[in-house]
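> dropping a prediction and its sequence here:
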Amino acid sequence: MNVQVSRRGLLKGIGVGLAGGTLGALGFGDLQPAAAAAVRPFKLAQMRETRNTCPYCSVSCGVILYSLGDRSKNAKSAVMHVEGDPDHPVNRGTLCPKGSSLLDFVRSETRTKYPMYRAPGTAEFKRVSWDFALDRITKLLKEDRDKNFVAKNGDLTVNRWTTTGFLGASATTNETAWLTYKTVRSMGALVFDNQARV
Amino acid sequence: MADYSSLDIRQRSASTETAPAIRHHEEVAKLIDVSKCIGCKACQAACEEWNDLRDDVGVNVGVYDNPHDLTAKSWTLMRFTEYENPETNNLEWLIRKDGCMHCSEPGCLKACPSPGAIVQYSNGIVDFVEDHCIGCGYCVKGCPFNIPRISKADNKAYKCTLCSDRVAVGQAPACAKACPTGAIMFGTKDAMIEQAHDRVEDLKSRGFDHAGLYDPKGVGGTHVMYVLHHNDKPHLYNGLPDDPKISPLVAFWKGGAKMFGLATMGFAAVAGFFHYVTAGPNEVVPEEEEEAIDLKEGREHRGSGDDRPSA
């Protein structure tokens, strides 16, 4: 439908519009709603905090995992943010670039969450149970140790086992580190390192 | 919804409203001690993580700067400069954390034409309110430090907020909290100036005679300050302006040109009003209307004594 606007009417309309705009520009317009909340709401306000240790290196910085949900029955938890633990004596809240991006590490698709097994001759890793993994590791360790253990070097008793190595983790307490050391050395293993060298 | 915010607004872009002025707020500042920075980029990672940003994976152009420049999703960036000091013959690796300086007299805010798109809180933080942003890019031109970036995704301007959401609830910005060497400190502006003086004294005792605090007066001081070993030559640090000032174009456009434009509009309005009162509107009588219709349809004028020129 065509609206009939006379030339005069059109000019009048334009004039009124211009005048209105001018009044606005001169500061007579509506005051903007008073300083509406421009600041982003603080996203951690009610998140659950869990203390943990950064898994990357042997510095073992303390971190706080902030997670969704209050652990009530129907709320599924999820890590939403990771930040340094200010009460941890090692890092006192600071983190390196790797620690600062732990959230993406936690959420990474390729993160190993359970034992994976690639059988000889196959191309794919398959999820297996802890029982299967531990049994298999134990069996292979024993086979290798029985075959390659060196008890004597000439007349000298050496009790060494050099064909299998052990790699420790960084996020261990003194107690677990002590246990790891005793376990590995008691079998005679010499190849022993930590995943984290700084 | 309550946002736990405890910040008043001191200035708003393109607004004439006066801010609440009776409360006194302590000004905050971030102090970046360039002499302590090892360029690890923990601040960059922490910034992206806190602000829920993930910039695109870039390409290596042969320098450590990664990404190459600030983007709408990378609000802070380590800029690396190799400087051969002619006085000592030493190669110095100057690493500056670039990002918004949160000027006391922000060029972006002065240049912004959209009411409330840029605000300055009473603690000194300058924040972009993307809801009100019209994506014109004036803030980019207005900034003496070349910081704001317009997003290709939503055509809105983005930059460091100094983690206003964290500061509002009494926490340090994410970059400052993360920094493993303590090169980024956060506190009241007074405390940061004091801290800087201690550092400058220390640097001077180590042979950096021109060490100093970068808190440029040309923009009224900043709420992100640097401790520089060569404060006499800030440009060494990847082009940090020696004497940053708001572009005279902004002053002309937002000062002279704007005033002139408004005066012209005001004059036109006043003149129009008086013309209306004194001369009145140009009335059209029904006869003129009929004449016009006749003319349009090509009919002869009906002869009459009071012939007028056709409208």
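Cool, the structure landed.

> pLDDT weak spots in the stretch 1-150 of chain B?
B:1-6 (pLDDT under 70).

> could you do chain A as well?
For chain A, the ranges with pLDDT under 70 are A:1, A:19-37, A:196-198.

> so which bits of the longest strand along it are buried?
Counting by DSSP state E, the longest strand found in chain A is strand A:156-168. Within strand A:156-168, the residues that count as buried by 16 or more other C-beta atoms under 10 Å in any protein chain shown are A:160-161, A:164, A:166, A:168. Heads up, the C-betas are built off the backbone N, CA and C, glycines and all.

> how about these, which pair is most distant?
A:160 and A:168 (18.7 Å; C-beta to C-beta).

> all helices for chain B, in order.
Using DSSP state H, the helices of chain B run over B:42-50, B:107-111, B:138-142, B:164-167, B:174-178, B:189-205, B:248-251, B:258-278, B:286-297.

> my bad, should have said chain A
A:7-23, A:97-100, A:102-107, A:130-148, A:174-186.

> out of those helices, flag the one nearest residue B:279.
helix A:7-23 (14.8 Å).

> report the angle between that closest one and helix B:258-278.
On the basis of axes from the mean of the first three to the mean of the last three C-alpha atoms, to 10 degrees, helix A:7-23 is oriented at 130 degrees to helix B:258-278.

> what's in contact with helix A:7-23?
For helix A:7-23, the external contacting residues (C-beta atoms under 8 Å, 6 or more residues apart in numbering or on different chains) are A:5, A:29, B:265-266, B:268-269, B:272, B:284.

> what's the lowest-pLDDT member of those residues?
The lowest pLDDT within the contacts of helix A:7-23 belongs to residue A:29, with 43.

> re earlier: tell me the strands beside the longest strand of chain A, with direction?
When pairing is defined by DSSP bridges, strand A:156-168 lines up against strand A:150-153 (antiparallel), strand A:189-194 (parallel).

> nearest residue to residue 48 in space, please, no chain neighbours.
You didn't pick a chain, so chain A it is. residue A:67 (4.9 Å; C-beta to C-beta, 6 or more residues apart in numbering or on different chains).

> sorry, should have said chain B
Here the residue nearest residue B:48, using C-beta to C-beta, 6+ apart, is residue B:54, at 6.1 Å.

> just checking, that neighbour touches residue B:47?
No: using C-beta atoms under 8 Å, residue B:54 is not in contact with residue B:47, being 11.3 Å away.

> distance check, the residue nearest to residue B:48 against residue A:39.
Using C-beta to C-beta, to the nearest Å, residue B:54 is found at 22 Å from residue A:39.

> what does residue A:126 give?
Distance from residue A:126 to residue A:39, by C-beta to C-beta: 49 Å.

> between these two, which has more neighbouring residues?
residue A:39 (25 against 10; other C-beta atoms under 10 Å in any protein chain shown).

> and the more buried one, how far is that from residue B:112?
Following C-beta to C-beta, the distance that separates residue A:39 from residue B:112 is 18 Å.

> domain assignment for chain A?
A:7-38, A:48-107, A:112-144, A:149-198 (automatic domain parsing).

> so which of those gets nearest residue B:204?
Nearest of the domains of chain A (C-beta to C-beta): domain A:48-107, 26.9 Å.

> chain center to the closest one, what's the gap?
7 Å (C-alpha atoms, centre = their mean, to the nearest Å).

> how long is that domain from one end to the other?
17 Å (C-alpha to C-alpha, to the nearest Å).

> which residues sit in contact with the residue nearest to the spatial centre of chain B?
By C-alpha atoms, centre = their mean, the mean C-alpha position of chain B lies nearest to residue B:108, the distance being 2.7 Å. For residue B:108, the contacting residues are B:118, B:126, B:128, B:138-140, B:142-143, B:147-148, B:157, B:159, by C-beta under 8 Å, 6+ apart.

> out of the residues you listed, which comes closest to residue A:183?
For the contacts of residue B:108, the nearest to residue A:183 is residue B:159 (53.6 Å; C-beta to C-beta).

> how many neighbours does the closest one have?
24.

> I'd say it and residue B:151 touch.
No: with contact defined as C-beta under 8 Å, residue B:159 does not reach residue B:151; the gap is 10.9 Å.

> what number of residues lie near residue B:98?
So residue B:98, with other C-beta under 10 Å, has 24 neighbours.

> my bad, should have said residue B:99
Residues near residue B:99, counting by other C-beta under 10 Å: 24.

> now it. Its backbone dihedrals?
The phi/psi pair for residue B:99 (degrees, to the nearest 10) reads phi 160, psi -180.

> tell me how many other residues surround residue A:115.
Neighbours of residue A:115 (other C-beta under 10 Å): 17.

> could you measure the residue nearest to it when sequence neighbours are not counted against residue A:60, distance?
Distance criterion C-beta to C-beta, 6+ apart; nearest residue to residue A:115, sequence neighbours excluded, is residue A:133 at 3.7 Å. Distance of residue A:133 to residue A:60, given as C-beta to C-beta: 25 Å.
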